[in-house]
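Participant: for reference, the sequence and a predicted model appear below.
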Amino acid sequence: MIDGPYFVLTVLGVLGTGLVAGVFCGFSTFVMRGLAALPPAQGVAAMRAINTAAVTPAFMLVFVGSAVLCAVIAVVTFVLWPDEGTAELLLGSALYLFGSFGVTVVANVPRNEALLRLDPGTAEAAEYWPTYVREWTMWNHVRTVASAAAAVAYVLALT
């Protein structure tokens, strides 16, 4: 079983990736459905406001902090190569770094930036909105599953 400072890092990894999974799950299961039900101008305006409000120190600490923590766990695992939990630790780190953080950077953020460039009341925004909701939500499902799976992998490393 993992112990000492390594145990603390892994428990923090479980907490961070699990919290992020919960946020993303909420968006996938009800926030995006609610926004999609609004008229396009209102949905675009609301999502733009959410995207702006999301970049708070509290959320960024959990989201980016978890990425840093996962990277540290991966490096420490490669250096120390523990007798137990190695595969689970590396898998958890990879799932979060690529499936959550990486997907955010290459899939969700570019869509958010495209939405931000649109005036909510325009025909262009109304035309883009259904595509945005479908694609953004699909990639958010990936982030949700990857973050949750990372938390599970870290829990398995502790057992």
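Facilitator: Structure received. What you are looking at is a predicted structure, and each value in this text was computed from that prediction instead of being measured. Residues are numbered from 1 along each chain as shown.
Participant: show me what the helix or strand containing P110 is packed against.
Facilitator: Using DSSP states H and E, P110 maps to helix 109-116. Where contact means 3 or more C-beta pairs under 8 Å, 6 or more residues apart in numbering; DSSP states H and E, helix 109-116 is packed against helix 40-54, helix 123-158. C-beta here means a position set from N, CA and C on the backbone, and glycine is covered the same way.
Participant: just put these in a markdown table and tack on distance to M32 and mean pLDDT.
Facilitator: Output for the helices and strands packed on helix 109-116, formatted as a markdown table (distance: least, C-beta to C-beta, whole Å; pLDDT from 0 to 100):
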| stretch | distance to M32 | mean pLDDT |
| --- | --- | --- |
| helix 40-54 | 9 | 96 |
| helix 123-158 | 5 | 98 |
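Participant: which residue is nearest the middle of this protein?
Facilitator: For the chain, the residue nearest the mean C-alpha position is S100 (4.2 Å; C-alpha atoms, centre = their mean).
Participant: now it: how far from A94?
Facilitator: Using C-beta to C-beta, to the nearest Å, S100 is found at 10 Å from A94.
Participant: then T86?
Facilitator: Going from T86 to A94 by C-beta to C-beta gives 12 Å.
Participant: what does the pLDDT read for Y6?
Facilitator: Note for Y6: predicted pLDDT of 86.
Participant: could you pull up the residues touching it?
Facilitator: Residues counted as contacts of Y6 (C-beta atoms under 8 Å, 6 or more residues apart in numbering) are V76, L80, P82.
Participant: quick one, what contacts the first one?
Facilitator: The neighbourhood of V76, defined by C-beta under 8 Å, 6+ apart, consists of Y6, L9.
Participant: can you say which helix or strand has it in it?
Facilitator: Counting by DSSP H and E, V76 is part of helix 57-80.
Participant: what residues of that helix count as buried?
Facilitator: Using 16 or more other C-beta atoms under 10 Å as the test for burial, helix 57-80 gives V62, F63, S66, A67, L69, C70, I73, A74, V76, T77.
Participant: let me see the mean pLDDT of it.
Facilitator: Throughout helix 57-80, pLDDT has a mean value of 96.
Participant: perfect, that will be all.
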